[in-house]
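A.B. asks: sequence isn't available, so here's the structure alone:
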């Protein structure tokens, strides 16, 4: 990000590394040759971000994975952002989840701490500062998403993406909306993958074939955002053998004070490849 991004996040976010980007600007993305540059910007109203914390080693998780996959098929991708964070703390019981990352477990703990909670579990579904959404009550869960969509977003977001041979070049912009005062926040960028499956051979799900969508394969950030515009560029390596048509990006901003959502932006990559 540009030099104005080179400042520390507020204290109280242990274990999260601030990965500052080089000083590159959005026009550099558009200059890529023989590639399609895709752009998408956020609306004035908020797009809810649904976070599922799950694990292939957890016997209660497959129904939640299926619920998220159903949302990915039925909800408008322009009005809903969905991410499945696979945590690593189930790995010790016998099955290593290949999609798990300690950073996702840490994000879950921080989100709970910001909500003044103490309980970390799987499957756990969060929408903004609601860290214990009951996904089993589908009607009420979708009602919570509709309520978020009625709010005016305090931050606007923009993504520009070029798909190269083995990586993405991603330009991002985030800025406070006129008349809004969001305060101090965090900006994140997630790469997700759909259509994944695993034959589990140990642990609580031994013998099952699990299917996953919206699996987070890379997470960039956080970058400080809120009182000043943020403009920059980063690169994300594609998962080995991944079909870009089953990948997507979610850019999202949230408060550092309580984890409340400011805005999210979903970009499926299917329209960005030849």
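C.D. replies: Alright, I've got the coordinates. Note that the structure is predicted; figures quoted are calculated from it, not measured.

A.B. asks: so where does the spatially most central residue of the chain fall, helix or strand?
C.D. replies: With distances taken as CA atoms, centre = their mean, residue 190 lies nearest the centre of the chain, 4.3 Å away. Residue 190 belongs to strand 185-193 when assigned by DSSP states H and E.

A.B. asks: that strand pairs with which strands?
C.D. replies: Using DSSP bridges, strand 185-193 pairs in its sheet with strand 215-225 (antiparallel), strand 247-255 (antiparallel).

A.B. asks: quick check: which of the ones you listed is buried the most?
C.D. replies: Ranked by mean neighbour count under mean count of other CB atoms under 10 Å, these are led by strand 247-255, which reaches a mean of 25. For every residue, glycine as well, the C-beta is placed using N, CA and C.

A.B. asks: tell me which other helices or strands the helix or strand that the strand holding residue 190 is followed by touches.
C.D. replies: Beyond strand 185-193 on the C-terminal side, the first helix or strand identified by DSSP H and E is strand 196-199. Applying 3 or more CB pairs under 8 Å, 6 or more residues apart in numbering; DSSP states H and E, we find strand 196-199 packed against strand 209-212.

A.B. asks: tell me the buried residues in stretch 260-272?
C.D. replies: Neighbour-count burial for stretch 260-272 flags 260, 261, 262, 263, 264, 265, 266, 267, 268, 269, 272 (criterion: 16 or more other CB atoms under 10 Å).

A.B. asks: same thing with stretch 82-91?
C.D. replies: 82, 83, 84, 85, 86, 87, 88, 89, 90, 91.

A.B. asks: the strands in this structure, which residues?
C.D. replies: Taking DSSP state E as the criterion, the chain carries its strands at 37-41, 49-54, 81-86, 124-127, 155-163, 167-176, 185-193, 196-199, 209-212, 215-225, 230-237, 247-255, 261-268.

A.B. asks: would you mind measuring from residue 211 to residue 69?
C.D. replies: Distance, residue 211 to residue 69, using CB to CB, to the nearest Å: 7 Å.

A.B. asks: the more surrounded of those two?
C.D. replies: Shown here are residue 211 and residue 69; by other CB atoms under 10 Å, residue 69 has more neighbours (18 against 14).

A.B. asks: check contacts around the residue lying closest to that one once chain neighbours are set aside.
C.D. replies: Nearest residue to residue 69, sequence neighbours excluded (CB to CB, 6 or more residues apart in numbering): residue 213, at 4.3 Å. Contact analysis of residue 213 by CB atoms under 8 Å, 6 or more residues apart in numbering lists 65, 68, 69, 72, 82, 84, 194, 195, 196.
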